Structures are given as structure tokens and as C-alpha cells.
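Chemist: model this:
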Amino acid sequence: MKNVIITGGSSGIGLAAAQHFCNKGYRVLVIARNPEKLQQAVDSLNQTGSGEALALALDLSDFASVRAAAPEIQQLMPTIDILALNAGLFSGRYYRMTHGGYESMIATTHLGHFQLTHLLLENLKQSADPRIVVTASDAHWAGGMKPDSFTHPKYAKLPYFGTIWGYGQSKLANILFAREFAKRYANTGITITSFHPGVVNTGLGRDLNQRVADFISQYLLSPAKAAETIVYLAEDPAVKALNGKYFYKKKVHRCSKKARSRKLAKELWEETEKYLASA
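Modeler: The predicted model follows:
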């Protein structure tokens, strides 16, 4: 039986992936912000799957809470075979700041995942074939990388324009993190990949105008279809030779020049360490 952790696993792609792993008899820890929605998802997984689903309510943008939760996670899963970093956030019309003073999208999508991964490194190393799968997006083409905007969103003065750029930045950070992690931990046996799930009908755009959201939803992929790539990257033996790569529909996918920048990946890693050290 494999041990799996999925962030953002109470709905959408994360829930679909959790359902797949539970159906295979795996032990799945589902992490999400909303306790009620999370418990409903876990109850459903336990009723329909042959594995075991566990719930942990956690806000990844609250770094103190992530640190406090780490011992519980380590105890629940001494060995972690699959870590799916799937939680994401689009803040809607305007930027939002966390209570800790961080822009909410980069805090949830990148900083919290970076911290969680490092807190669970030793547990990942206990697996015979540890995998980390990061849900990124082709929206990274719309973003740049300005670490000073993590705490001072001065680039977000215009409605939507600023948040679209910020969302793109958070997804660019996902890809750069995976590439730099693959380089720094190449000798640990951990395989990390990132992927574009496609345009998926999830709750990510919950802050859009409802009429617009309803129209767009007609043309989106189902979460189950998009989750197929998570499952592929988490289990297919061929992926081990493609450490650090970016995927779409189970194939290596083209990413932007910024996403391929070794210099930018290194700078982001170092800036992230500084932010989390002072958080």
C-alpha cells in the first residue's frame, strides 16, 4: 500500500486524483483549507474506495500552521510515496494579502508548498520510489517573477490585470521550483515533475462573475480527465528519467523562456528561503 498526500484535495483535480489512489487501495491524506468541505470529500472517498482517506485541514498560506502540522503529518505517514502539490488560488478581481502580509496566490501556491515539501523530505526519502507532482499551468506565460511583489503587490493596481499577472507568477514559481528541486536533490531518488492540467472545470475561478463562469465551464475538461496526468507522473516508471520536466497530457510540454531559466530558478529558491526564514 502506498502513502499519498494531496493538497487541495477536497475538490476538482485533487479530489479526482485522490479517488483514483483510494480505488487502488492506497492510504491518502487529503489537505485542504475548508474543514467541512474536506470532511465531506474524505467521507465520500472512504465510502467508495478500497483504500483509506484521511483529512487534515490546513491553510498553506499560514506558514506557522504548516510548521505546526508537520509533526502530525510525519507521524501519520512515516513513509511518503507520492506528494501531490495541487492546491492553487486565483484571488479574483484584486490582489489579497494574507494575515502574515503575503500576497495570497504566491503564498498558497508556491511558498506554502515549498515549506511543506522541505518539512517532509525525510519521509519522502523513506520511499523506494518517491514522487512529487506539482500542478502548474500554462498561465505561467502571463506572469513574470518579481519576488518583491510577494509582500508588496505594487504590480496589481488594475483590476484583473494585476491578479492575472500574479496568478501567472505563482504558476511560473511552480515550474521553477520543480526544476531547481530536481537539480538540488538529484541524488536523493526523489522524482519531481510539474504539469499543465489543461483548462479544467474546478472551483479555482470561484470569484469570477457567475454568468461568465457558467459560460466558460461548457468548454472545460473534467477534473477526472485532468487528474490522469497526476496519476501518470506519480506512478509511471518512464517518468523517473524526466526529472524536473514540465508536462501536459502525459507528455513533456513546452514552457516559457523564463520557466527554463536556471538563473531565475536559483534566484527564486534563494528568495523563497529568505521569506520563509523570516515568516
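
Chemist: could you use CA atoms for every contact and neighbour count after this?
Modeler: Noted.

Chemist: who's in contact with residue 82?
Modeler: 2, 3, 4, 5, 124, 130, 131, 132, 133, 234 (Cα atoms under 8 Å, 6 or more residues apart in numbering).

Chemist: how about 7 Å then?
Modeler: 3, 4, 5, 130, 131, 132, 234 (Cα atoms under 7 Å, 6 or more residues apart in numbering).

Chemist: and residue 195, by the same measure?
Modeler: Residue 195 touches 134, 135, 136, 137, 246, 247, 248, counting by Cα under 7 Å, 6+ apart.

Chemist: tally of neighbours for residue 226?
Modeler: 23 (other Cα atoms under 10 Å).

Chemist: over to the closest residue to residue 107 other than its chain neighbours. Which of the three states is it?
Modeler: In space, and not counting its chain neighbours, residue 107 is closest to residue 61: 4.8 Å by Cα to Cα, 6 or more residues apart in numbering. What DSSP: H, G, I helix; E, B strand; the rest coil gives for residue 61 is coil.

Chemist: residue 61: how many residues sit nearby?
Modeler: For residue 61, using other Cα under 10 Å, the count is 26.

Chemist: isn't it up against residue 112?
Modeler: Yes: using Cα atoms under 7 Å, residue 61 makes contact with residue 112 at a distance of 5.5 Å.

Chemist: which is the next helix or strand following the helix-or-strand element of the chain with minimal mean pLDDT?
Modeler: Taking mean pLDDT, DSSP states H and E as the measure, the chain has helix 210-217 as its least confident helix or strand, at a mean of 50. In the C-terminal direction, the helix or strand that comes right after helix 210-217 (DSSP states H and E) is helix 223-235.

Chemist: by contact count, what packs against that following helix?
Modeler: helix 12-23, strand 131-135 (3 or more Cα pairs under 7 Å, 6 or more residues apart in numbering; DSSP states H and E).

Chemist: need those in JSON lines with mean pLDDT, can you?
Modeler: Below are the helices and strands packed on helix 223-235 laid out as JSON lines (pLDDT from 0 to 100):
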{"stretch": "helix 12-23", "mean pLDDT": "96"}
{"stretch": "strand 131-135", "mean pLDDT": "98"}
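
Chemist: reformat these as CSV; add distance to residue 52.
Modeler: Compiled in CSV, the helices and strands packed on helix 223-235 are given as follows (distance: least, Cα to Cα, whole Å):
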stretch, distance to residue 52
helix 12-23, 6
strand 131-135, 19
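
Chemist: how about those, which one is nearest residue 70?
Modeler: strand 131-135 (16.8 Å; Cα to Cα).

Chemist: ok, the closest one: who's next to it in the sheet?
Modeler: strand 82-85 (parallel), strand 191-196 (parallel) (DSSP bridges).

Chemist: for residue 225, find the nearest of these.
Modeler: Closest among the strands paired with strand 131-135, using Cα to Cα: strand 191-196, at 12.3 Å.

Chemist: what angle sits between that closest one and helix 223-235?
Modeler: 160 degrees (axes from the mean of the first three to the mean of the last three Cα atoms, to 10 degrees).

Chemist: buried ones in the longest helix anywhere in the chain?
Modeler: Criterion DSSP state H: the longest helix present in the chain is helix 161-184. By neighbour count with 16 or more other Cα atoms under 10 Å, helix 161-184 contains the buried residues 162-182.
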